[in-house]
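Chemist: Below: sequence and its predicted model.
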Amino acid sequence: MTTPNPATQPGPVPQGVWGPTPPVPPTPGKPTSRRKQRIKYGATAVVALFVGVGIGSGGGEQAAGDTTDAKAGPRPTVTVTATAPGEAAPAPTVTETVTAKPKKAEPAGPATTFSGEGEYLVGEDVKPGTYKTAGAEGEFGCYWERAEDASGEFGSIIANNNLEGPGRVTLNQGEYFKTNRCEEWKRVG
């Protein structure tokens, strides 16, 4: 069987038991005066002003964890120069225009230094003369060939050689010079 709750039973509620609470009569509120409102809003404005000034003035300082360069140079200084009234105006500037004549460019002409890889026509691509190289560019040796024409035929070869070290060759006007895997060729005579 269940025990009845004395708070839900009609009649007086025994002491120490919670029961329904009677409604609280409304209390007449005091009207807030305009003066108190102005003071409240004024105090809020002053606090906001101080917070804003604190944030604004802290922008120029460097924080402890900031990674900007602490050794930055000085900031630029602005100088204002005022002209005293009554001074004479400066004299007008005279500009003289002079047209420079370009120097005559010499034709490029044949090279006296060239790559150790390629085929060259002596007199057109390279100047005739004696050339030297430091030798092979890699481990397979340096090959050079002087030829009568650019046909690539075995019979057109005038002279050729495989160099393991430094070497020299004399090139004549109208010959074709072919070089493979060599260091740069330089004219020495």
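Modeler: Looks like it came in fine. Numbers count the residues shown, from 1 in each chain.
Chemist: mind listing the strands for this structure?
Modeler: 113-114, 118-121, 129-133, 142-147, 157-163, 167-171, 176-180, 185-187 (DSSP state E).
Chemist: Relative to residue 97, which of the ones you listed is closest?
Modeler: Nearest to residue 97 among those is strand 113-114; the distance by CB to CB comes to 41.5 Å. In short, each C-beta sits where N, CA and C put it, glycine included.
Chemist: Residues contacting the closest one, please?
Modeler: 120, 125-126, 184-187 (CB atoms under 8 Å, 6 or more residues apart in numbering).
Chemist: just the buried members of these?
Modeler: Burial by neighbour count, 16 or more other CB atoms under 10 Å: within the contacts of strand 113-114 this picks out 120, 126, 185, 187.
Chemist: So which of these is the closest to residue 41?
Modeler: Nearest to residue 41 among those is residue 185, at 91.5 Å by CB to CB.
Chemist: what's around the residue lying closest to that closest one once chain neighbours are set aside, how many residues?
Modeler: Of all residues not flanking residue 185 in the chain, residue 131 sits nearest, at 4.5 Å (CB to CB, 6 or more residues apart in numbering). Residue 131 has 25 neighbouring residues, counting by other CB atoms under 10 Å.
Chemist: Kindly report the same for residue 163.
Modeler: 19.
Chemist: residue contacts, it?
Modeler: 133, 135-136, 141-144, 182.
Chemist: could you redo the last one with a cut-off of 6 Å?
Modeler: Shown in contact with residue 163 (CB atoms under 6 Å, 6 or more residues apart in numbering): 135, 142.
Chemist: in the sheet, who's paired with it?
Modeler: Residue 163 has these beta-bridge partners by DSSP bridges: residue 142.
Chemist: ok, now residue 187?
Modeler: Applying DSSP bridges, one finds that residue 187 bridges with residue 131.
Chemist: and it, how far is that from residue 150?
Modeler: 21 Å (CB to CB, to the nearest Å).
Chemist: again, but for residue 81
Modeler: Remark: distance between residue 81 and residue 150 (CB to CB) = 74 Å.
Chemist: if we can go back for a sec, with distance to residue 44 and pLDDT as added columns, please give the contacts of strand 113-114 in a markdown table.
Modeler: Putting the contacts of strand 113-114 into a markdown table (distance: CB to CB, whole Å; pLDDT from 0 to 100) gives the following:
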| residue | distance to residue 44 | pLDDT |
| --- | --- | --- |
| 120 | 89 | 95 |
| 125 | 88 | 93 |
| 126 | 89 | 94 |
| 184 | 82 | 94 |
| 185 | 88 | 94 |
| 186 | 86 | 95 |
| 187 | 90 | 94 |
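Chemist: Right, I'll leave it there.
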